[in-house]
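Visitor: Sequence plus predicted model, see below.
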Amino acid sequence: MTSTILQLSEAGRTVALRDTGAGAPLVLLHGVGMQTAAWGPQIADLSRSHRVIALDLPGHGGSDPLPSGSELPDYVAWLKAVVQALDLGSVSLAGHSMGALIATGFAVECPAMTRRVALLNGVYRRTPQARAAVLARAAEIGAGQLDLATPLARWFGETPADISARDRVAGWLRAVDPAGYATAYGAFARGDATYAHRLREIACPFLAVTGDGDPNSTPAMAQEMAAQVQHGRAIVITGHRHMVNLTAPDVVTAHLRDWLATAPEETYHDIA
């Protein structure tokens, strides 16, 4: 696996990424507060058949941040610049949480550059109560109040797999740049409806995955997103919460392999 720093021509910004494998390009986007290592199980498996490029989001890992106050379309524009700078052409794109919002926007804004899109624990049109809660958390983070215990308790249960993943995720959250985290979380908090009204424009194979115990990226959200898309499919993984790619890595990776095997021009059918 090659760790690389990409220099974007725009304002001299740098992007940190992991690039491994060969074949058709698969781009992976992590969630707020995470880093490329959060895709470890998927990188190891899917790089056997694809060129896997996992990106550190702006202000995370080794990537330069976007300006304070940046919104979801700014992160989508950033991703477009990265894909173009790497000369990847049309890509398969998988995003988790905030990464799922960016992936949705990219699929809408850049259809010719999107072969297929998968959203893990994505959010879609939060309820007023949920929106108020996440906006309040964004304000706290913006003010420098980094409460890690609350999201960890919400994201994980007490199974051995959850405990192992929680320890890794806690380390990534502690390591994130506070300013980059605050900017990204603000965009995440305000971005759940940004592209929601345009999901019907997505014509490529579309997969939405979440855990049945995720209270914020709910099964109903995944099912509604899949229903809006021309070739959409929703998967709800029983007994898991927000970090399904870490707590149920084999299950998630199997669904991603199936999604990657679907030709872009074909309807995405359920597994028999």
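Guide: All right, it came through fine. Quick caveat, the model's predicted, so the values are computed rather than measured.

Visitor: Tell me which residues of stretch 252-264 come out buried.
Guide: 252-253, 255-256, 258-260, 262 (16 or more other C-beta atoms under 10 Å). (C-beta placed from N, C-alpha, C; glycine too.)

Visitor: Could you do stretch 210-220 as well?
Guide: Buried-residue list, stretch 210-220, by 16+ other C-beta under 10 Å: 210-211, 213-214, 216-219.

Visitor: For my notes, please list the residues you listed in CSV and give secondary structure, pLDDT and distance to A179 for each entry.
Guide: Formatted as CSV, the buried residues of stretch 210-220 follow (DSSP: H, G, I helix; E, B strand; the rest coil; pLDDT from 0 to 100; distance: C-beta to C-beta, whole Å):
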residue, secondary structure, pLDDT, distance to A179
T210, strand, 98, 29
G211, strand, 98, 30
G213, coil, 96, 32
D214, coil, 97, 27
N216, coil, 94, 24
S217, coil, 97, 25
T218, coil, 97, 30
P219, helix, 98, 34
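
Visitor: circling back to that earlier point, between the buried residues of stretch 252-264, which is nearest L120?
Guide: Comparing the buried residues of stretch 252-264 against L120 with C-beta to C-beta places V252 closest, at 6.9 Å.

Visitor: which residues touch that closest one?
Guide: 41-42, 120, 209, 237, 244-245 (C-beta atoms under 8 Å, 6 or more residues apart in numbering).

Visitor: just H240 next, same as before
Guide: With C-beta under 8 Å, 6+ apart, H240 has these contacts: 211-214, 247-248.

Visitor: Go again with 7 Å.
Guide: Neighbouring residues of H240 by C-beta atoms under 7 Å, 6 or more residues apart in numbering: 211, 213, 247-248.

Visitor: isn't there a helix covering G89?
Guide: No. Under DSSP: H, G, I helix; E, B strand; the rest coil, G89 falls outside any helix and is assigned coil.

Visitor: Count the residues that sit near it.
Guide: 12 (other C-beta atoms under 10 Å).

Visitor: Now the two most distant members of the contacts of H240.
Guide: G213 and A248 (11.2 Å).

Visitor: Where does V117 sit: helix, strand or coil?
Guide: Classification of V117 using three-state DSSP returns strand.

Visitor: nope, T4 is what I meant
Guide: strand.

Visitor: Quickly list what it is bridged to.
Guide: Beta bridges link T4 to L17 when assigned by DSSP bridges.

Visitor: Number the residues from 35 up from this point.
Guide: Sure thing, new numbering starts at 35, so read that last one as T38.
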